[in-house]
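Visitor: Take a look and give me a structure for this.
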Amino acid sequence: MITPKQLLALTVKWLLISAIVIFCALFIGDELSFLYKTHSSNPAGAFGSVDMQRVLAIELKGGKVEYTLDRQQPEQIVKCVHSVFPHAGVNPCWYLLRQNRQAVPLLILPTFSR
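Guide: Got it, this is the predicted structure:
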């Protein structure tokens, strides 16, 4: 007879094993899809690009934050891959699009003159 504690442990064990198997299957499927796209007649179809705007978050007095575009490098084009996971050292496009909304923190230190 299985006790409730043993049943719970068995259920958790099978859920953990199932999650690992699903993750591995998703990763392998994504890798095979990427390899198929890169070795097909149009290998550029596996890659894309994202236009990213650099927004600086400048911390002001009183805990306020001012957001402004970076004047030195307002836009940059970043290479990305059309997949769920990163491949060939390139981040996925969905991840870069999400990062595009985040500001770069910038702290302005006061200068003291003598």
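
Visitor: what's the longest helix in the chain?
Guide: helix 4-38 (DSSP state H).

Visitor: May I see the buried residues of that helix?
Guide: D30, F34, K37, T38 (16 or more other C-beta atoms under 10 Å). Every C-beta, even on glycine, is put in place using the N, C-alpha and C of the backbone.

Visitor: What's the local residue count around the closest residue in space to the second one that isn't next to it in sequence?
Guide: Of all residues beyond its chain neighbours, the one nearest F34 is H87 (4.7 Å), with distances taken as C-beta to C-beta, 6 or more residues apart in numbering. Applying the criterion other C-beta atoms under 10 Å, we find 20 residues in the vicinity of H87.

Visitor: Listing request: residues of the chain with sub-threshold pLDDT.
Guide: 101-102, 107-111, 113-114 (pLDDT under 70).

Visitor: so how far is R98 from the residue nearest to F34?
Guide: 18 Å (C-beta to C-beta, to the nearest Å).
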